[in-house]
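> 3D model of this:
(chains A and B)
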Amino acid sequence: MSILAPNRRNLLIGAAGMAGASALPRIAFAAGPTDKRLVIVLLRGAMDGLSAAPAFGDPDYERARGGLATPRPGSEGGALDLNGYFGLSPALAGMHARYGKGEVILFHAIASPYRDRSHFDGQNLIENGSDQPYGLADGWANRALLGLPERLKSGRGDLGVALAPSTPLMMRGPARVTSWSPSILPAPAPDLLTRLKGLYDESDPRLARALSAAVTANAAQVGGAGGGGAFTALMAAAARFMKAPDGPCLAMVESNGWDTHANQLGPFGVLPRNLAELDRGLGALGEGLGDVWPSTAVLVMTEFGRTVAMNGTRGTDHGTAGAAFLIGGAVKGGRVLADWPGLSSGALFAGRDLKPTADLRSVAKAALRDHMGIDPGHIDRAVFPGSAAAPAMEGLFRT
Amino acid sequence: MSLQDAAIAANRFGLGARPGELRTIAGDPRGWLRAQLTPEADLPAPLKTLPSTEDDIAAFPRWIASIGLNAGSVAKLYQKGGAASAGMTDTMMKGSAHDAAKGGAPGLPPGVSIEQSFVKTFGPRYVTALQARMQVATTTDRPYFERLVHFWSNHFTVSSAKPSSVAMPPSFERDVCRAHAVGKFRGMLRASCKHPAMLVYLDNYLSIGPNSYVAKHPEVLPAEARGYLNGLNENLAREILELHTLGVRSGYTQADVTSLARIITGWGVKRGKGGGQFDETGGADASPLFRFNNYLHEPGTQTLLGKTYNQLGQEQGDAALRDIAAHPATASHIATKLVRHFVADDPPPSALEAIARVFRDTDGDLHAVCLALIDLPEAWSPSAMKFKPPEDYLISAVRAMDGKPQLTGYQLTALLDRMGQKPWYAAGPNGWADVEGEWIGPDPIWKRIEWADAVAKGVANAKVDPAAIAYEALGPALTPASTDAIRRAESPAQGLAIFLVSPEFQRR
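Now for the predicted structure:
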């Protein structure tokens, strides 16, 4: 979704903005393949992990899932096989291909430390990074940025970017982050922008810098992703921000609408559409990042899983553990990491949910430590306080 | 006669000048401000039709019951009283509540999720209250007073971002911030701590003394409440010390937080019919819906900030709050926040000391403190040190354009949301940070420019003189550079847009 029509005048303003920016003193830095990128995708509403990644090899799978069981690989509408036991929803064909290239880790039976079932509280917890809802007033991704190695910090204006209209809790805090979202209003006339730039340059450096960055950001969005929905557009936008050598090295993208209480599958089902959009978004990100993809990792997470059994309206209710994905050229993938608790009735959490056997923070901590090079002490103290019971997982990344 | 001071009074202390206003107040800008510091004789008209406090407090439990989420247990808990007050519904939101198979909840039609029902129930309520707040702010003749109401509403944040307090901020703002804006700080603090909105938002209604009667005799609780009410909750006590009074890192310890939490155990909310016959009301400044339940209160003497409190019942908390309100750290903290709000992000030390001294000398008389703010020489410096937050920016724009455009409905909420400040939806109890870094990011500025461009096209026509509008709003604060840019605009609409996002109109 582009909010500036690509025309000559936009390009001129974009160039003017860039000229302004380059007039600022710069610290020299080497942009190269060592500059890592981390994208966090938060699926709000609680993705059904057993639909996204069916455990068709579990002897209880078909019985436990009933009408929601994904057919076995090879059957019509069947799961895309990963390792003979776990698969992916047929809507995740792009991700399946990347798994084949060794770029995807599926984590299953994973959850945050939150054990109740409120979306609001569950999202608040996985965004604030403490072990309780409202436990901290800012977000873990922002605090993490403070611990970036100097090499990644130097020469960067904004360390992170949130692809959202207002900065989500996860990205709020002391570190400098920017944000961008498509607008409900038409873009300002380019001529107005030129005049404002003149006025700001003359009298208000702070506004001048904000306008310059906004013009650059919006010019960068010109000619955005064709096809796909809002999420795909946001992922394409994230790529355009991060591809710049001095662009933000962490992006957060949100996707809404995963709360599938009714008719989640089938021709009009919400879930296959959401998954396909997620898949398209990941594709747009990879395509947009191009040669930066090998140093990129994408963490896809949700606030909690959903019930194992189908409810009375062919949907699922709020559950506990679910699935998460780590994707990207920097990921040592092609693996499923799960201490699988099983789906027999005795194995379920509270008699109804997939039992959590791994902590999402262990993956996030590994991404910050091993991928972004953030000091483990900073992570334990400031990013995920109280997470000693969830040590960073080892060996998730190519080195 | 000073137009320059008039512009400072109207913009820095107020909510922006309306056409003609600067000339009216130029005779005595300080007197114009001082005259606003009286208690309100009557509630502003737009606020009169909003729901009552009782209704705002009841709205969430009523919705829970209406969608059939354990309606039986909610009702039972309400009637039985005990520890299970209104906030019991938080448990209903979590727990087994969501398991209901039929479309999310038993009381909802198939295909309607709990979240959809939540948004449908509380969205219009929020929009109505926000429109009323906007209408008061864009039409008031007492903009300094209104700024103070908004300031305290942010200082004592109750946020709709927490579901169980979703409908409560408008009542809280009216009952606590508006009612005490020019009264004693101590009274406002008491009113805040004894208002159901704050008690629910910061969980104090769930807090029980570890040695209270109920903790020793859990069998008196309904079965559902036993696993839920399991002890002390420090949330409100911590924020009283950290945010509302002394300020963070002012020397209090975790032990002080725990002590204060014990001291205010039993401070809760009036329950429905049939329950709470042993509860006490809260006395002066308390909401009529406040109740103290001694069976939840931690008995015994407590030590807080080096002082011993041996009072019985809620008097222990009353005494502690009186002392905290009078603590020198509170004077400094409130002075810092007020000077930061009205003068500069980095408050000048001389101004801080002047205001803190008045706070201390008058025992926290906010009327005297607000008069002293007017007398700060630093407040009358012609260079604008503050950047308007999105809500005040929109309010001042509407005032400058003499009431146009009418900002209503979801258009208003979407606009504020995209500019980064949806009122009453601060992310946490610390409210919005009162510094320009919170508002001046690329995306929020872009959204302002988009809005200015769009709205100017709607408002301007051949008869509109944007330079005149700008001068009416800013007076001598309008710079020659902006005047030039406005005059050289290709159309009245473009000129108006340039004025609306000129540096001096975004700052004050």
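> check contacts around the most centrally placed residue in chain A.
When CA atoms, centre = their mean is applied to chain A, the residue found nearest the centroid is A:Val41 (1.3 Å). Taking CB atoms under 8 Å, 6 or more residues apart in numbering or on different chains, we find A:Val41 in contact with A:235, A:252-255, A:278, A:281, A:298-301. Any C-beta I mention is one placed from the backbone N, CA and C, and that applies to glycine too.
> again with A:Arg306
So A:Arg306 contacts A:46-50, A:260, A:316-319, A:322, A:353 (CB under 8 Å, 6+ apart).
> burial measure for residue 356, as a count.
In the absence of a named chain, this looks at chain A. Neighbours of A:Pro356 under the rule other CB atoms under 10 Å in any protein chain shown: 23.
> actually chain B
23.
> circling back to that earlier point, which of the three states applies to the residue nearest to the centre of chain A?
Per DSSP: H, G, I helix; E, B strand; the rest coil, the local secondary structure of A:Val41 is strand.
> Quick check on the residue nearest to B:Asp402 when sequence neighbours are not counted: phi, psi?
In space, and not counting its chain neighbours, B:Asp402 is closest to B:Pro19: 5.2 Å by CB to CB, 6 or more residues apart in numbering or on different chains. The phi and psi values for B:Pro19, taken as degrees, to the nearest 10, are phi -50, psi 130.
> Quick check, B:Pro19 in contact with B:Ile469.
Yes - contact criterion CB atoms under 8 Å: B:Pro19 and B:Ile469 qualify, at 7.1 Å.
> Compare those two (neighbour count), which wins?
Neighbours per residue (other CB under 10 Å) separate B:Pro19 from B:Ile469, with B:Ile469 holding more: 22 against 16.
> Determine if any part of the one helix or strand that one maps to is in contact with chain A.
Per DSSP states H and E: B:Ile469 is located in helix B:466-474. No - residues of helix B:466-474 are not located near chain A by CB under 8 Å from any CB of the partner chain, the shortest gap being 12.4 Å.
> quick check: angle from the helix or strand just after that helix to helix B:466-474?
Remark: after helix B:466-474, the chain's next helix or strand is helix B:480-487, criterion DSSP H and E. Orientation check (axes from the mean of the first three to the mean of the last three CA atoms, to 10 degrees): helix B:480-487 against helix B:466-474 gives 140 degrees.
> Next one: the next helix or strand after helix B:480-487, is it in contact with chain A?
Using DSSP H and E, the next helix or strand after helix B:480-487 towards the C-terminus is helix B:492-500. Yes - interface with chain A: helix B:492-500 contributes B:494, B:497-498 (CB under 8 Å from any CB).
> And for the closest residue to A:Glu394 other than its chain neighbours, the neighbour number?
In space, and not counting its chain neighbours, A:Glu394 is closest to A:Ala366: 7.3 Å by CB to CB, 6+ apart. Residues within reach of A:Ala366, counting by other CB under 10 Å, total 21.
> Surely A:Ala366 touches A:Phe397?
Yes - under the criterion of CB under 8 Å, A:Ala366 makes contact with A:Phe397 at 7.4 Å.
> And stretch B:186-200, how far out from the chain middle?
Relative to the chain's own centre, stretch B:186-200 is displaced by 12 Å; criterion: CA atoms, centre = their mean, to the nearest Å.
> Can you confirm whether it lies near chain A?
No - applying CB under 8 Å from any CB, one finds stretch B:186-200 separated from chain A by no less than 13.1 Å.
> And that stretch, end to end?
Taking CA to CA, to the nearest Å, stretch B:186-200 runs 21 Å from one end to the other.
> do the same with stretch A:308-320
End-to-end span of stretch A:308-320 (CA to CA): 10 Å.
> For it, buried residues please.
Neighbour counts over stretch A:308-320 (16 or more other CB atoms under 10 Å in any protein chain shown) mark A:308-311, A:313-320 as buried.
> and the helix ranked longest in chain B, average pLDDT?
In chain B, taking DSSP state H as the definition, the longest helix is helix B:114-139. Mean per-residue pLDDT for helix B:114-139: 93.
> which residues touch the residue nearest to B:Arg125 when sequence neighbours are not counted?
Of all residues not flanking B:Arg125 in the chain, B:Ala167 sits nearest, at 5.8 Å (CB to CB, 6+ apart). By CB under 8 Å, 6+ apart, the contact list for B:Ala167 reads B:51, B:56-57, B:59-60, B:122, B:125-126, B:160.
> hmm, which of those residues are the buried ones?
Buried members of these, counted by 16+ other CB under 10 Å: B:51, B:56-57, B:59-60, B:122, B:125-126, B:160.
> got JSON lines for the residues you listed, with distance to B:Leu407 too?
Rendered in JSON lines, the data for the buried ones among the contacts of B:Ala167 read as follows (distance: CB to CB, whole Å):
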{"residue": "B:Pro51", "distance to B:Leu407": "21"}
{"residue": "B:Asp56", "distance to B:Leu407": "23"}
{"residue": "B:Ile57", "distance to B:Leu407": "28"}
{"residue": "B:Ala59", "distance to B:Leu407": "24"}
{"residue": "B:Phe60", "distance to B:Leu407": "27"}
{"residue": "B:Phe122", "distance to B:Leu407": "20"}
{"residue": "B:Arg125", "distance to B:Leu407": "18"}
{"residue": "B:Tyr126", "distance to B:Leu407": "15"}
{"residue": "B:Ser160", "distance to B:Leu407": "19"}
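> nearest to B:Gly209, of those?
Taking CB to CB as the measure, B:Ile57 is the one of the buried ones among the contacts of B:Ala167 closest to B:Gly209, at 23.8 Å.
> for whichever strand or helix holds B:Leu189, the distance to its chain's centre please.
Here B:Leu189, judged by DSSP H and E, is contained in helix B:185-193. When distances are taken as CA atoms, centre = their mean, helix B:185-193 is centred 14 Å away from the chain's centroid.
> what does stretch A:310-323 give?
What separates the centre of stretch A:310-323 from the centre of its chain is 22 Å, taken as CA atoms, centre = their mean.
> Repeat that for stretch A:144-162.
Computed by CA atoms, centre = their mean, the chain-centroid distance of stretch A:144-162 equals 18 Å.
> Give the buried residues for it.
Of all the residues in stretch A:144-162, those buried under the rule 16+ other CB under 10 Å are A:144-148, A:152-153, A:156, A:158-162.
> What about these, which are in strands?
A:160-162 (DSSP state E).
> between the residues you listed, which is nearest B:Tyr295?
Minimum distance to B:Tyr295 across these is 46.8 Å, recorded for A:Ala162 (CB to CB).
> Might one say that that closest one is in contact with A:Ala251?
Yes - counting by CB under 8 Å, A:Ala162 does reach A:Ala251; the two are 7.5 Å apart.
> Name the helix or strand for B:Arg357, please.
Counting by DSSP H and E, B:Arg357 is part of helix B:349-361.
> contacts for that helix?
The contact list for helix B:349-361 (CB under 8 Å, 6+ apart) reads B:185, B:328, B:330-332, B:334-336, B:338-339, B:343, B:365, B:368-369, B:372-373, B:375-376, B:378-379.
> who touches the closest residue to A:Pro168 other than its chain neighbours in this structure?
Beyond its immediate neighbours in the sequence, the residue positioned closest to A:Pro168 (CB to CB, 6+ apart) is A:Ala162, lying 5.8 Å away. By CB under 8 Å, 6+ apart, the contact list for A:Ala162 reads A:168, A:170-171, A:177-180, A:251-252.
> now do B:Glu239
B:202, B:429.
> element containing it?
Counting by DSSP H and E, B:Glu239 is found in helix B:235-239.
> Can you tell me which residues in the stretch 251-400 of chain B are near chain A?
Going by CB under 8 Å from any CB, none of the residues of the stretch 251-400 of chain B are near chain A.
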